[in-house]
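> from the sequence below, what's the structure:
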Amino acid sequence: MSDNALYDAFFALHHGLPRQGPGSDSTTRRLLALAGPLPERPRVLDLGCGPGRSALLLAAEAGAEVTAVDLHEPFLEELRLAAAARGLGDSVRTLNADMGGLPFPDGSFDLVWAESSAYALGFDTALREWRRLLAPGGALVLTECEWTVDRPGPEARAFWDQHYRLRTTAENTAAAVEGGYHVLGVVPQPESDWDEYYGPLSERADAADPASPAMAEALASIRAEIAMRRDHGGDYGYTGYVLRPADARWRTREETAADIPAVREINAAAFATAREAALVDALREDTEAWLPGLSYVAEAPDGTVVAYALVTRCRVGDAPAAALAPVAVAPAHQRGGAGQAVVRAVLDAARLRGERLVLVLGHPEYYPRFGFVRASEYGIAPGFEVPDEAMMALVLDGSGEVPRGMIHYPAAFGV
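This is a model prediction of the structure:
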């Protein structure tokens, strides 16, 4: 049996299906929302687009100019026909090309999109090779199959060891941060996303003629994959990542003891009183509140510390949570991106530490850019009067499952 015959049989089973991997329009929309504000006519590169379900949504709902890339020409033809039928022919351009050797200049796209396709290169390679394609402020969105338990069963382990080396969300998040990205959001994909893929594929397999060349082998492979998901799907799943390259103008890092005087000066200069500077000093002495590794600084190009962000332990009801406060930027460097850089860096560090929920009391026009929403949406409230829109929460693991109740701050906050 030739490889070409198996290739043809495999794609015969997939042609005309709405999806070539787990996903849904709702997940695509959720990932798009996490990417933040885009230009009025964003330039989007959809890699491994298949028949283009995501490309069509991005063109229609984000007003995007989409360049859709795939190596399988029949999928591209499906996409061209679908785009024309929806009046999107001028918004979607197709290209038959290899994701690992793309012909585009650096900075060509505002959004690089890859649902269920980064595995073709590998997560780390995709992050490294696609980063150059992003324009300043651009975002990379990709989905990746991962272990969802610490100890997957031997059946799932044996199956995936034959196909692709899975990692955990924590491992992939760490790889993204190490690769020079900030994590804007993480979205665990629901079981319904698998149903949208496997449901139509299973029906197609049941209707296929196993006597066709190589079809029996292709059917056996697909049915084994579907059975693995049915019997051991609790061990693995797909997760969406929304990433943005770190701002190279500002070096961010964990504070050292040598930084403490500069941190005190920045907080004293950034606020009307010395209260925030004293707050940080008091929190350092509170062993229950202080979280090692979550006190961050940003440096200017000359190495001067110019911005600071701190995350400490608080509680919602009886459950642990984290508080982002204070955030301070030296007056000479305000409104230049240093504050955003240090906040994103400390939030990345909190993700890597395993924190799930971060709370902030701050400007409602500033913190939503990091993904914060009103805490009241989760049933969370402070024990003192503040405008509802100023008390905000960020769920770092994307689960949406957070404790409800009153926020209890460390004693140093005085509330």
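
> Ala269 and Ala307, how far apart?
11 Å (C-beta to C-beta, to the nearest Å). (Each C-beta comes from the backbone N, C-alpha and C, glycine too.)

> more crowded one of the two?
Remark: of Ala269 and Ala307, Ala307 carries more neighbours, 29 against 14, as counted by other C-beta atoms under 10 Å.

> returning to what we had before: who touches both of Ala269 and Ala307?
Both Ala269 and Ala307 are contacted by Ala328, Ala330, under the criterion C-beta atoms under 8 Å, 6 or more residues apart in numbering.

> the stretch 301-415 of the chain: helices as residue ranges?
Secondary structure of the stretch 301-415 of the chain (DSSP state H, counting those that start in this stretch): helices at 338-353.

> in it, mark out all the strands, start to finish.
In the stretch 301-415 of the chain, the strands defined using DSSP state E, counting those that start in this stretch lie at 305-316, 319-329, 357-361, 373-374, 380-381, 391-395, 405-408.

> which one, of these, ends up nearest to Asp161?
strand 391-395 (32.0 Å; C-beta to C-beta).

> neighbouring strands - and their directions - for that closest one?
Strand pairing for strand 391-395, using DSSP bridges, gives strand 357-361 (antiparallel), strand 373-374 (antiparallel).

> so which of those comes closest to Leu34?
Of all the strands paired with strand 391-395, it is strand 373-374 that lies closest to Leu34, at 11.5 Å by C-beta to C-beta.

> on that earlier part again, now distance to Arg249 and mean pLDDT too, for the strands paired with strand 391-395, in a markdown table please.
Below are the strands paired with strand 391-395 laid out as a markdown table (distance: least, C-beta to C-beta, whole Å; pLDDT from 0 to 100):
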| stretch | distance to Arg249 | mean pLDDT |
| --- | --- | --- |
| strand 357-361 | 24 | 97 |
| strand 373-374 | 28 | 96 |
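
> now do the strands in the stretch 101-250 of the chain.
Under DSSP E, counting those that start in this stretch, the stretch 101-250 of the chain gives strands at 109-114, 134-147, 181-188, 236-245.

> for the longest one, what is the distance to the chain centroid?
Relative to its chain's centre, strand 134-147 lies at 6 Å (C-alpha atoms, centre = their mean, to the nearest Å).

> using JSON lines, please lay out the strands paired with strand 391-395 together with mean neighbour count.
Below are the strands paired with strand 391-395 laid out as JSON lines (neighbours: other C-beta atoms under 10 Å):
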{"stretch": "strand 357-361", "mean neighbour count": "23"}
{"stretch": "strand 373-374", "mean neighbour count": "16"}
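
> so can I have TSV of those strands showing distance to Thr287?
Below are these laid out as TSV (distance: least, C-beta to C-beta, whole Å):
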stretch	distance to Thr287
strand 357-361	20
strand 373-374	31
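
> residue ranges in this structure under the pLDDT threshold?
Within the chain, the segments meeting pLDDT under 70 span 1-3, 400.

> now with 80, please.
Along the chain, the parts satisfying pLDDT under 80 run over 1-3, 398-400.

> which one, of the strands of the stretch 301-415 of the chain, ends up nearest to Gly101?
Shortest distance between Gly101 and those, using C-beta to C-beta, is found for strand 391-395: 37.5 Å.

> could you check the angle strand 319-329 makes with the closest one?
Strand 391-395 and strand 319-329 are oriented at 110 degrees to each other (axes from the mean of the first three to the mean of the last three C-alpha atoms, to 10 degrees).

> strand 391-395 vs helix 338-353, what angle?
For strand 391-395 against helix 338-353, the angle by the same axes, to 10 degrees is 50 degrees.

> tell me the angle of strand 391-395 relative to strand 305-316?
Going by the same axes, to 10 degrees, strand 391-395 makes 90 degrees with strand 305-316.

> going forward, the N-terminal residue is numbered 13.
Done: numbering now begins at 13, and the last item shifts to strand 403-407.

> Ala24: neighbour count?
Around Ala24 sit 18 other residues, with neighbours defined as other C-beta under 10 Å.

> element containing Gly35?
Under DSSP states H and E, no helix or strand contains Gly35.

> what sits against it?
By C-beta under 8 Å, 6+ apart, the contact list for Gly35 reads Arg65, Ser66, Glu127, Ser128, Thr155, Gln201, Asp205, Glu208, Tyr209, Tyr250.

> thank you kindly, that will do.
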